[in-house]
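Student: sequence unavailable; structure follows:
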């Protein structure tokens, strides 16, 4: 979760509302005198054409008297920053205290500056890769004779020479002997690494499949020509995604999770904050309750114990203030995408959250609404700001920033009773008309509109404060070509950014969503169809055989990218499964609850979560699911436990519930098992009530059995599990595998997981 050092945005939409302090550059080039830097706006200071006749050092001095100065890694009073010999343009970012050291050349066609830092040079800056002709690729040949006290020979590439967070790849790259390295300076990515070459890289090591990885370290020989591979010679798909496939993601509704700082509860409009919270009526559930970033920080140990390694947070950006007695507690009524909402905290708290999560090996996933700002017919009428400076609103805009095509399904007439429901499935309508009354951004088709650039630059600012991934709200309703440009822009800064979107109803069997997914837009999709099938199976509305048929359809529908999609059971737009299973009243989508007892509902929900944690896909846990959270009030549409009653406060932070312990065990397994992260899915035994399957990757095998029926014993054969005695990671079963077969003694509503 390294903070990325960002270049100055190409489009400055407006000047910063706050004047910058004076800043000075001091270093060996000027005998540590104070040279005033230029204020470029947007929190960026510049010293251009700075000449270092030999390698030297610098620091940034705020007042010119050393009373507040910043050095390496953006630390106040930190170590001096190393600078190689040359002529440089040096930028300093006053909000993040990061910096960027660039060659002082023609800004239209600058050479990249790629510092090779590794065990061969004590990780020092100044060892630059050389540009290959007029291409975007740079190379170096170096002798990596030995490692250091922390491991074997290895390296990273640092574009700024400052360790400011833009170094790549995320993990150190192994080297051996004379090593030839090629990197792309346009998108900061590693192209190839060839090790164990002759002196000065004169003789190449054997590489039978031609993938750039020597046979001596190729774990996947015979890779088809042209396939993108990782450092081990194994095929990859999109950059960054493999980093998430062994993670377990937790979706936090920040306002409803934990209140760590009551002083920020009222924000700028006390009328929009509830004093009674869950004890109040429907109007109180539509207000802020006080959850904030500090509360999330306070509960990170709890989430770490649950096994969470990625946290998806509802939007943290500033939302409207003028909302009467309603509250933008959910975060989807944005007004300033460049600022933190005052109910939640500030940039310092975002940075603290980043640091605390990084220390625990967690990734931060930001929910971002690229489709819309706030309502066009009330409150602030689509008002839009950048760093506190007003830009436009729906009343003033002439169609430059916002669409003006009416709402989806309003038929384009003045009669509110007429509905054109076909527009929800018409691509022009659902991308160019307003989603309900939320002011719809005007996205460019072939190039970025001003709104597009505004949103991209906002995302880059959040990345500079530690965001590792994005969940795109309402992705169905956004111009698809903008998703390509957005994903390319953020991955140009950090190739490992994971992106997924909410296309309501997406999944195998929903053709428009699968068309979008397979067009390679750079975003994955939350799998609603798998969610629906899992819930129907544990409710008894379809058989386990039918569930298995759907699971087996996913690879074909998704071009074998099923393991890259986020999978889930509960979320903020659906009645919680445990409520659906227990109530006898109406719930969402015209359904009626099942009327199960609480104990049966909890057991069945746990079966569903076991499937989420073990099937192909990235498991996503909605806050409170580990506590079997429920709320049984009907909303204004008569739906029990639906919006806003699926956004209740956390009922408990207990670490002893059966659901918590099961999720924790399976999250730990996913973190270490290649089979769960990326392995194949093979059904081994299925009937109406029972599904047994294996996930296999090489010698790593996980077997999962789920039984929604009564107690029974079954004999399962053709297992990939090696012969031996296994203890289930969930529950207390002990299973003997012999000759690829095993007898499973399944209790009612039991899960067995063998590894």
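Tutor: It's in. Since we're looking at a predicted model, the values are computed, not measured.

Student: who touches the least confident helix or strand in the chain by mean pLDDT?
Tutor: Lowest on mean pLDDT, DSSP states H and E among the helices and strands of the chain sits helix 242-245, with a mean of 76. Defining contact as Cβ atoms under 8 Å, 6 or more residues apart in numbering, one finds that helix 242-245 is touched by 170, 230, 236, 310, 363, 469, 496, 498, 563-564, 618, 677-678. In short, each C-beta sits where N, CA and C put it, glycine included.

Student: can you flag the buried ones in those residues?
Tutor: Taking 16 or more other Cβ atoms under 10 Å as the criterion, what is buried in the contacts of helix 242-245 is 310, 363, 469, 496, 498, 563, 564, 618, 677, 678.

Student: closest one of the residues you listed to residue 664?
Tutor: residue 310 (15.1 Å; Cβ to Cβ).

Student: report the separation between the closest one and residue 421.
Tutor: Noted for residue 310: a distance of 36 Å to residue 421, by Cβ to Cβ, to the nearest Å.

Student: dihedrals phi and psi, the residue nearest to residue 483 when sequence neighbours are not counted?
Tutor: Counting by Cβ to Cβ, 6 or more residues apart in numbering, residue 521 is the residue found nearest to residue 483 once chain neighbours are left out, at 4.4 Å. Here is the backbone geometry of residue 521 (degrees, to the nearest 10): phi -80, psi -10.

Student: quick one: contacts for residue 521?
Tutor: Residue 521 sits in contact with 480, 483, 484, 487, where contact means Cβ under 8 Å, 6+ apart.

Student: next step: these restricted to helices.
Tutor: In helices, defined here by DSSP state H, the members of the contacts of residue 521 are 480, 483, 484, 487.

Student: I'd say residue 266 and residue 273 touch.
Tutor: Yes - the criterion here is Cβ atoms under 8 Å, and residue 266 meets it with residue 273 at 5.0 Å.

Student: could I get the full set of helices for the stretch 201-350 of the chain?
Tutor: Under the criterion DSSP state H, counting those that start in this stretch, the stretch 201-350 of the chain carries helices at the ranges 242-245, 282-285, 293-298, 300-306, 347-359.

Student: out of those, which one sits most buried?
Tutor: Comparing those by mean neighbour count (mean count of other Cβ atoms under 10 Å), helix 293-298 comes out on top with a mean of 21.

Student: helices or strands up against it?
Tutor: Where contact means 3 or more Cβ pairs under 8 Å, 6 or more residues apart in numbering; DSSP states H and E, helix 293-298 is packed against helix 347-359.

Student: which element follows the helix it packs on toward the C-terminus?
Tutor: Sequence order places strand 363-368 as the next helix or strand after helix 347-359, per DSSP states H and E.

Student: contact partners of that following strand?
Tutor: Strand 363-368 is contacted by residues 1, 243-244, 247, 249, 309-317, 331, 337, 353-354, 357, 455, 458-459, 462, 466-473, 498 when judged by Cβ under 8 Å, 6+ apart.

Student: direction included, what does it pair against?
Tutor: Its sheet considered, strand 363-368 pairs with strand 310-313 (parallel), strand 469-472 (parallel) by DSSP bridges.

Student: export those to a markdown table and tack on mean pLDDT and distance to residue 91?
Tutor: Below are the strands paired with strand 363-368 laid out as a markdown table (pLDDT from 0 to 100; distance: least, Cβ to Cβ, whole Å):
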| stretch | mean pLDDT | distance to residue 91 |
| --- | --- | --- |
| strand 310-313 | 98 | 29 |
| strand 469-472 | 98 | 25 |
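
Student: what mean pLDDT does stretch 539-549 get?
Tutor: The predicted model assigns stretch 539-549 a mean pLDDT of 98.

Student: from one end of it to the other, what's the distance?
Tutor: Using Cα to Cα, to the nearest Å, one end of stretch 539-549 lies 17 Å from the other.

Student: name the residues that touch that stretch?
Tutor: With contacts defined as Cβ under 8 Å, 6+ apart, stretch 539-549 is touched by 533-534, 536-537, 580-581, 594, 604, 683, 686-691, 693, 706, 708.

Student: ok, back up a step: indicate which one of the strands paired with strand 363-368 is closest to residue 186.
Tutor: Residue 186 sits nearest to strand 469-472 of all the strands paired with strand 363-368, at 21.5 Å, using Cβ to Cβ.
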